[in-house]
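Colleague: 3D, please:
(2 chains)
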Amino acid sequence: DQQVKQNSPSLSVQEGRISILNCDYTNSMFDYFLWYKKYPAEGPTFLISISSIKDKNEDGRFTVFLNKSAKHLSLHIVPSQPGDSAVYFCAANNQGAQKLVFGQGTRLTINP
Amino acid sequence: NAGVTQTPKFRVLKTGQSMTLLCAQDMNHEYMYWYRQDPGMGLRLIHYSVGEGTTAKGEVPDGYNVSRLKKQNFLLGLESAAPSQTSVYFCATLQGTEAFFGQGTRLTVV
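Modeller: Predicted structure coming up:
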């Protein structure tokens, strides 16, 4: 049973435009959400996070939005750059359990 | 400061062989995890540890064993490798709410 779902395996965006990556979760006990970025042949690296007490967190070109009632979060990248081409994983954590659960990942390609 | 280091980086095994993957961290983190990454499946948790001497099962533990004899090391063992265990394996540590990953081990079982 997939508790964290990323339903889009891939996304292609023009350079300079906005990239929106989506993530849904089913477990209402999750209280912290994170996005990780992964380049080929490397481990995932932390990108941005949000606590369940917030609905938005911004860091430079990256913004994460959380809609708790819909159990949905999204990552916005604007403007998109070629270096943003990577696989993005959404993750959720129940801080009491300390067990990060990941989605399937979305491969983002930024076209020049 | 190396962070999280995985050994080996690549390995080819024959069906039925055994091997151990080593994860070493120098950040003094309590929590350590083993994930496997497969196409379309994301990162799935195999086993994890909340401290030295402890281990617990994740989502896909069958066919794997783990040990955490020292705080800085987390070992993942395959007793009798199967082709279904062909995957990329990632070790991670958790500090607060952020996970730190190793570079991965690409394992092929033929």
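Colleague: which residues of chain B score low on pLDDT?
Modeller: B:1 (pLDDT under 70).
Colleague: and if we set it to 80?
Modeller: Low-confidence segments of chain B (pLDDT under 80): B:1-2, B:97.
Colleague: tell me which residue lies nearest the centroid of it.
Modeller: Geometric centre of chain B, nearest residue: B:Trp34, 3.3 Å, by CA atoms, centre = their mean.
Colleague: and the residue of chain B closest to chain A?
Modeller: Going by CB to the nearest CB, chain A is nearest to B:Phe101 of chain B, at 3.3 Å. Bear in mind the C-beta positions are built from the backbone N, C-alpha and C, glycine included.
Colleague: what about B:Gly96, how many residues nearby?
Modeller: 12 (other CB atoms under 10 Å in any protein chain shown).
Colleague: oh sorry, the question was meant for B:Val50
Modeller: Neighbours around B:Val50, by other CB under 10 Å: 16.
Colleague: can you give me the distance of it to B:Thr105?
Modeller: 23 Å (CB to CB, to the nearest Å).
Colleague: buried ones in the host helix or strand of B:Phe100, by neighbour count?
Modeller: Here B:Phe100, judged by DSSP states H and E, is contained in strand B:98-101. Neighbour-count burial for strand B:98-101 flags B:98-101 (criterion: 16 or more other CB atoms under 10 Å in any protein chain shown).
Colleague: do the same with stretch A:9-16
Modeller: Buried, per 16+ other CB under 10 Å, within stretch A:9-16: A:11, A:13.
Colleague: ok, the residue in chain A that chain B sits nearest to - how many residues close by?
Modeller: Among the residues of chain A, A:Gly43 lies closest to chain B, at 3.3 Å counting by CB to the nearest CB. Per other CB under 10 Å, the neighbour tally for A:Gly43 reads 22.
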